[in-house]
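Peer 1: Show me how the following folds:
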Amino acid sequence: MEWERDEIVALCSKCYYCSGKKDKISSKGISKRNNYELNDFKTLLEQPGIKSGTNRGFRVRKYGMYTLTQNKKRV
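Peer 2: Sure thing, here's the model as predicted:
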């Protein structure tokens with residue numbers, strides 16, 4: 001057995017939250033700095049509609065480094 005958890009909320013194969021002794025979170029495409037909790041994932045699962053998140057980071061292009069802000073919407 002790789003790991004064992006008490007509860008899991010999976011929105012898709014690469015976006016889930018597992019609670020237990022040590023929580024495990026995967027949120028591909030959305031920054032983990034938003035500090036999502038189990039209740040956030042449950043709300044997304046139970047209440048359909050458009051939800052959004054913001055990704056911030058850096059991108060290197062040619063000879064410069066730029067900040068990147070990207071808004072993502074989930075339906």
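Peer 1: So what does the residue most central in space within the chain have for phi and psi?
Peer 2: Nearest to the mean C-alpha position of the chain, by C-alpha atoms, centre = their mean, lies Ser27 at 2.8 Å. Main-chain torsions, Ser27, degrees, to the nearest 10: phi -140, psi 70.
Peer 1: now it, nearest residue through space, not along the chain?
Peer 2: Nearest non-adjacent residue to Ser27, counting by C-beta to C-beta, 6 or more residues apart in numbering: Cys15, 5.4 Å away. Yep, even glycine has a C-beta here, placed from its N, CA and C like the rest.
Peer 1: pLDDT score assigned to the one you found?
Peer 2: The confidence metric pLDDT takes the value 84 at Cys15.
Peer 1: That one - how many residues pack around it?
Peer 2: Applying other C-beta atoms under 10 Å, we find 18 residues neighbouring Cys15.
Peer 1: got it, and Lys62?
Peer 2: Residues near Lys62, counting by other C-beta under 10 Å: 4.
Peer 1: coming back round to it: Tyr36 is in contact with the residue nearest to the centre of the chain, correct?
Peer 2: Yes. Using C-beta atoms under 8 Å, Ser27 is in contact with Tyr36, at 6.5 Å.
Peer 1: what number of residues lie near Leu44?
Peer 2: 17.
Peer 1: Please apply the same query to the one 10 residues further on.
Peer 2: Neighbouring residues of Thr54 were enumerated by other C-beta under 10 Å; the total is 12.
Peer 1: State the helix or strand in which it lies.
Peer 2: Assigned by DSSP states H and E, Thr54 belongs to strand 51-61.
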